[in-house]
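Asker: One predicted model, sequence on top.
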Amino acid sequence: FHIPLQAGSDEVLKRMNRKYDIDFYKQKIEEIRNIKEDVSITTDVIVGHPYETEELFLETIKTCKEIGFSKIHVFPYSKRDGTPSSRMPMQVEDIEKKNRSRILNQVSQELEEKFYKEHLNKVAEVLIEEANNVESVGFTTNYIKVKVQEKLNQNEMYKIKLIDYKDGQLIGKCVKEKVKS
């Protein structure tokens with residue numbers, strides 16, 4: 001699931017005129033995970049919105065870690081003429097927005113790696129999307145990228161044992177030919 005958070009601070013969400021708070025958001029994520037515990041949940045976060053202090057940015061990092069997203073798409077706030085936020089005082093400097101983006105992208109990489117590694121030594125169904133004579137690449141049903149060192153058929157599902165993590169993807173070994181549809 002891709003569920004935009006926008007900010008991990010109630011104060012920033014309020015200034016963004018969002019109609020939810022962090023507790024409501026976390027409750028909805030918990031409801032989803034109670035239905036399917038190994039679900040991949042990605043999000044969007046805007047950093048550097050006016051009034052976002054260093055303390056509020058750190059709240060966003062804390063919230064993202066607590067929720068445990070599998071990936072965060074980070075966007076620096078972009079001032080657009082005519083919008084209410086463009087007229088707000090306390091605009092965050094561009095250099096600070098870049099720094100916060102870098103930090104949150106690092107958090108995203110750490111969370112993604114953790115999510116992937118939680119699936120090591122499990123068998124997953126993988127839809128093969130790319131294949132050549134020596135390797136195949138596909139995605140699990142919860143969108144984990146998997147590379148297999150053998151030629152498999154594109155657009156087919158296989159049972160793959162997830163045996164290693166390397167370069168932002170899991171390495172797998174085919175344990176059963178095609179999964180019947």
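Answerer: Yep, that arrived.

Asker: would you list every one of the helices in the protein?
Answerer: Ranges of helices within the chain are 10-15, 22-35, 54-67, 94-117, based on DSSP state H.

Asker: Rebuild the ones you listed as a markdown table, extending it with mean neighbour count, distance to residue 143 and mean pLDDT.
Answerer: Bear in mind the C-beta positions are built from the backbone N, C-alpha and C, glycine included. Below are the helices of the chain laid out as a markdown table (neighbours: other CB atoms under 10 Å; distance: least, CB to CB, whole Å; pLDDT from 0 to 100):
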| stretch | mean neighbour count | distance to residue 143 | mean pLDDT |
| --- | --- | --- | --- |
| helix 10-15 | 18 | 26 | 95 |
| helix 22-35 | 13 | 14 | 96 |
| helix 54-67 | 17 | 17 | 98 |
| helix 94-117 | 16 | 10 | 97 |
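
Asker: In a markdown table, list these along with distance to residue 78.
Answerer: Putting these into a markdown table (distance: least, CB to CB, whole Å) gives the following:
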| stretch | distance to residue 78 |
| --- | --- |
| helix 10-15 | 15 |
| helix 22-35 | 23 |
| helix 54-67 | 17 |
| helix 94-117 | 9 |
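
Asker: Around residue 74, how many other residues sit close by?
Answerer: Per other CB atoms under 10 Å, the neighbour tally for residue 74 reads 20.
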